[in-house]
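Visitor: I need the structure of the sequence given here:
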Amino acid sequence: MVGSSMACALGKNPLFSNKSILLIEGNPKKNWEFSPKYSNRVSSINISTKRIFEDLGIWKHIEGVRYQVVTDIKVWGENSANHTHFQPTPIGDMAFIVENDVIVNAVTKELENLSNVSRLYGLKINNVHIPEERKMVRLILEDGSNFSGSLLIGADGANSNIRSALGVKYLTWSYNQSAIVATLEIFPDDSTTVAWQKFTPDGTIAILPLTDSLRSLVWSTSTVKANELMSLSDDDFIDLLNDSLIGPCAQDEFVKLTDNAVNSVLNFLKFPIAKGELVPPYMSSIHSGSRASFPLGFGHSTKYIGPRTALIGDAAHRVHPLAGQGVNLGFCDVKNLQDTLAEGVLQGRTLGNFTDLSKYEFRSQTHNLPVMIAIDILQRMYTTEWKPIKAVGNVCFKIAESFPQIKVSIKNYLGVAYFSFT
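Guide: Numbering: from 1, shown residues only. Modelled structure (predicted):
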């Protein structure tokens with residue numbers, strides 16, 4: 001998704017109209033056809049990414065298929081009385097749930113209108129020759145064909161061959177967790193535009209809206225538990241999911257005491273406290289065959305650039321899905337790289353020069369690292385066995401609900417801000 005969007009951004013910019021752009025896809029081309037059955041892999045697109053799609057002409061294709069607006073995000077921890085929620089700002093809705101296949105199809109449709117973008121499918125890269133700055137970068141594909149160019153953009157995923165060819169350090173660790181995704185049926189309620197997320201001692205459960213009666217599940221838990229969940233029958237899986245969502249988690253006495261103390265302080269200071277407990281939707285069934293799992297980890301390339309080369313998306317960074325920001329960080333890379341390359345052309349510099357690539361790296365790392373660190377801290381805070389940290393995590397939602405400015409800051413971190421291609 002990110003790599004093809006990068007090709008689209010460059011191909012549509014008149015400053016690069018005299019450039020030949022080649023998009024190499026390792027997988028065979030898919031002939032996408034609309035299906036009434038929803039995919040189990042979806043993305044939570046924030047307002048910034050939506051504006052990028054609009055500017056590139058991609059969003060109109062998504063609108064022509066399907067997506068779901070999210071107007072409210074309800075979040076809670078071990079005690080559902082400790083909760084907060086996030087609602088739209090004046091600039092737009094909180095998020096948009098879109099199937100990954102729908103995004104890929106939308107970008108592909110827009111690419112088909114660009115005469116300066118060529119595409120190769122089903123070919124892997126055998127060798128990457130990274131040059132000195134003034135020379136061309138060269139690729140050799142598995143069929144023996146080779147290509148040279150002034151700039152190579154690596155969007156080849158977390159196990160990036162292009163990143164390996166650059167020889168840059170890649171900080172990575174496993175969370176010893178897996179995410180289970182599935183498509184769920186619910187009993188009808190009034191939460192069609194509401195996303196739900198519960199933090200549990202071993203991960204998070206996110207319920208994302210698709211339609212009045214369908215929800216998309218992202219359940220992050222320990223690898224051992226994920227394997228157990230994948231082995232359950234559909235009926236047993238749904239029963240356990242409902243129990244995990246609605247039932248209270250066992251609370252440590254120290255955590256309870258901390259919770260009561262924070263309540264007393266907030267009451268004394270006359271700050272508003274969330275009233276009542278959240279009641280998430282009740283799942284009735286799971287779409288057969290929609291359950292799948294994948295491992296979770298953190299990854300960050302210390303350098304996003306090399307001679308005539310830039311990394312974007314998962315090739316540069318990988319985050320836990322608890323905040324749904326991985327794909328949005330990738331599209332932010334697209335925006336930042338396109339901007340810096342365009343600025344360089346306007347100022348008379350050659351495409352792929354070190355000055356512009358360094359600007360891209362600074363802009364993207366300045367944006368990405370705070371978000372990535374915040375997500376990593378959240379993940380550790382709610383899965384730790386250390387009681388003081390667990391207690392802090394448990395009351396964070398209560399405090400956030402009492403101080404609206406905290407929620408505003410969190411929404412800014414989640415990318416609820418406007419920027420566009422100019």
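Visitor: So what touches stretch 128-137?
Guide: With contact meaning Cβ atoms under 8 Å, 6 or more residues apart in numbering, stretch 128-137 is reached by 138-140, 148-152, 161-162, 165-166, 306-309, 352-354. For the C-beta atoms, the positions are set from N, CA and C on the backbone; glycine is no exception.
Visitor: try it again with 10 Å
Guide: 138-140, 146-152, 154, 161-167, 306-309, 350, 352-354, 357 (Cβ atoms under 10 Å, 6 or more residues apart in numbering).
Visitor: Also stretch 227-242?
Guide: 178, 180, 182, 184-185, 205, 207, 217, 219, 221-222, 244, 247, 280-293.
Visitor: Mind giving me the ChimeraX command for buried ones among those residues?
Guide: To isolate the buried ones among the contacts of stretch 227-242 in ChimeraX, judged by 16 or more other Cβ atoms under 10 Å, type:
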select :178,180,182,184,205,207,217,219,221,222,244,280,281,283,286,290,291,293
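Visitor: Among the contacts of stretch 227-242, name the ones in strands.
Guide: Residues of the contacts of stretch 227-242 located in strands (DSSP state E): 178, 180, 182, 184-185, 205, 207, 217, 219, 221-222, 283-286, 292-293.
Visitor: In terms of helices and strands, where is the closest residue to Val181 other than its chain neighbours?
Guide: Spatial nearest neighbour of Val181, excluding adjacent residues (Cβ to Cβ, 6 or more residues apart in numbering): Asn40 at 4.7 Å. Using DSSP states H and E, Asn40 sits in no helix or strand.
Visitor: Asn40 touches Leu214, doesn't it?
Guide: No. Assessed by Cβ atoms under 10 Å, Asn40 is found out of contact with Leu214, at 11.1 Å.
Visitor: overlap in contacts of those two?
Guide: Shared contacts of Asn40 and Leu214, defined by Cβ under 10 Å, 6+ apart, comprise 183-184, 287.
Visitor: just checking, what packs against whichever helix or strand Asn105 is part of?
Guide: Using DSSP H and E, Asn105 maps to helix 100-111. Here helix 100-111 touches helix 2-12, strand 21-25, strand 42-45, helix 47-55, helix 59-63, strand 117-121, helix 326-346, going by 3 or more Cβ pairs under 10 Å, 6 or more residues apart in numbering; DSSP states H and E.
Visitor: could you dump those to CSV with distance to Asn31?
Guide: Shown next, in CSV, are the helices and strands packed on helix 100-111 (distance: least, Cβ to Cβ, whole Å):
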stretch, distance to Asn31
helix 2-12, 16
strand 21-25, 14
strand 42-45, 21
helix 47-55, 22
helix 59-63, 15
strand 117-121, 11
helix 326-346, 23
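Visitor: mind putting those in TSV, mean pLDDT, mean neighbour count and distance to Ser233 included?
Guide: Putting the helices and strands packed on helix 100-111 into TSV (pLDDT from 0 to 100; neighbours: other Cβ atoms under 10 Å; distance: least, Cβ to Cβ, whole Å) gives the following:
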stretch	mean pLDDT	mean neighbour count	distance to Ser233
helix 2-12	97	24	37
strand 21-25	96	18	37
strand 42-45	96	25	24
helix 47-55	95	22	37
helix 59-63	97	17	35
strand 117-121	95	16	38
helix 326-346	96	22	31
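Visitor: wait, which of the ones you listed is closest to Phe362?
Guide: With Cβ to Cβ, the closest approach to Phe362 among the helices and strands packed on helix 100-111 belongs to helix 326-346: 9.1 Å.
Visitor: Which SSE is immediately downstream of the closest one?
Guide: helix 354-383.
Visitor: for that following helix, what is the average pLDDT?
Guide: Mean pLDDT, computed over helix 354-383, is 92.
Visitor: Could you tell me the angle between that helix and helix 326-346?
Guide: On the basis of axes from the mean of the first three to the mean of the last three Cα atoms, to 10 degrees, helix 354-383 is oriented at 170 degrees to helix 326-346.
Visitor: Now find how far off-centre helix 354-383 is within its chain.
Guide: Centroid separation between helix 354-383 and its chain, computed with Cα atoms, centre = their mean, to the nearest Å, is 13 Å.
Visitor: same deal with stretch 114-122?
Guide: Centre to centre, stretch against its chain (Cα atoms, centre = their mean), the figure for stretch 114-122 is 26 Å.
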